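J.: Need the 3D shape of this:
(2 chains)
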Amino acid sequence: AQSVTQPDARVTVSEGASLQLRCKYSYSGTPYLFWYVQYPRQGLQLLLKYYSGDPVVQGVNGFEAEFSKSNSSFHLRKASVHWSDSAVYFCVLSQGTGSKLSFGKGAKLTVSP
Amino acid sequence: EAAVTQSPRSKVAVTGGKVTLSCHQTNNHDYMYWYRQDTGHGLRLIHYSYVADSTEKGDIPDGYKASRPSQENFSLILELASLSQTAVYFCASSDALGGRDTQYFGPGTRLLVL
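T.: A predicted model of the protein is given here:
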């Protein structure tokens, strides 16, 4: 069975600092991987996705993520966070076309001034 | 721009009462979904649909029914609301199920069952 683990439920970083949110997945095949962001009182929005090719994918607002098949990971990074990045971030996995999504539990990011 | 709207945005219901949550999408997507979000958990799929007048069970369908009267509309029905159904409910739509396809989410409905 597929699963997604986000080991850090709450992360606090200072504005301007770098960020890494970790994501580990369990799936024997080649996954489709996503990062979604949920701002307060809003629905989820896509940040970026990976399905093939260059393991480093770029997303919106300066976010990027790196896929590692050997480590079964898809970590999210940003070089310099802004207070507006405060939100909940979800790592999501799909086995492929026709399969439902598996969501991690989310990581709540707080950017302090 | 893709748009998914939900109504109501929040609701207080009594235990044993009937609750209907509505979702409307203007994306022309075939697939629509209902998810439930609980504090400290990711989203869990309740029901989904890929065509009007047909629905499929997701991972946690017990206690919920769904209705897809048209491509644009998808409802979630709690016939006998229970305390454990207090949660935030999200509707989403997409072109296809899974794969590389992006799901577009509505703003959510906060349901409190007393």
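J.: Would you mind checking the average pLDDT for stretch B:21-35?
T.: In this model, stretch B:21-35 has a mean pLDDT of 95.
J.: Tell me which residue is most central in chain B.
T.: For chain B, residue B:34 is the residue whose C-alpha lies nearest the centre (CA atoms, centre = their mean; 2.5 Å).
J.: Quick check: beta-bridge partners of that one?
T.: On the basis of DSSP bridges, residue B:34 is bridged to residue B:47, residue B:91.
J.: How about residue A:37?
T.: Bridge pairing for residue A:37 - DSSP bridges - gives residue A:45, residue A:89.
J.: for residue B:66, same thing?
T.: Beta-bridge partners, per DSSP bridges, of residue B:66: residue B:76.
J.: what's near enough to touch it?
T.: Contacts for residue B:66 were tallied using CB atoms under 8 Å, 6 or more residues apart in numbering or on different chains; they are B:34, B:46, B:47, B:48, B:49, B:55, B:74, B:75, B:76, B:77. Every C-beta, even on glycine, is put in place using the N, C-alpha and C of the backbone.
J.: do that again at 10 Å, thanks
T.: When contacts are counted by CB atoms under 10 Å, 6 or more residues apart in numbering or on different chains, residue B:66 touches B:21, B:23, B:32-34, B:46-49, B:54-58, B:74-77.
J.: Number of residues surrounding residue A:113?
T.: If you count neighbours by other CB atoms under 10 Å in any protein chain shown, residue A:113 ends up with 6.
J.: which element is residue A:25 on?
T.: Secondary structure assignment for residue A:25, by DSSP states H and E: strand A:24-26.
J.: Buried residues, that strand. List them.
T.: A:24, A:25 (16 or more other CB atoms under 10 Å in any protein chain shown).
J.: strands paired with the helix or strand of chain A with the lowest mean pLDDT, and their directions?
T.: The least trusted helix or strand in chain A, going by mean pLDDT, DSSP states H and E, turns out to be strand A:101-103, with a mean of 92. With DSSP bridges as the test, strand A:101-103 is paired with strand A:87-94 (antiparallel).
J.: before we move on, the earlier item: does chain B sit close to the strand holding residue A:25?
T.: No: Strand A:24-26 is not in contact with chain B by CB under 10 Å from any CB of the partner chain; minimum separation 12.6 Å.
J.: if you average pLDDT over that strand, what comes out?
T.: Rounded mean pLDDT across strand A:24-26 is 96.
J.: again with stretch B:66-82
T.: The model assigns stretch B:66-82 a mean pLDDT of 97.
J.: gap between the two ends of it?
T.: The first residue of stretch B:66-82 is 17 Å away from its last residue (CA to CA, to the nearest Å).
J.: in stretch B:50-57, what counts as buried?
T.: The neighbour-count check on stretch B:50-57 (16+ other CB under 10 Å) flags B:50, B:52, B:55, B:56 as buried.
J.: Tell me the one among these nearest to residue B:105.
T.: Among the buried residues of stretch B:50-57, residue B:50 lies closest to residue B:105 (CB to CB), at 17.5 Å.
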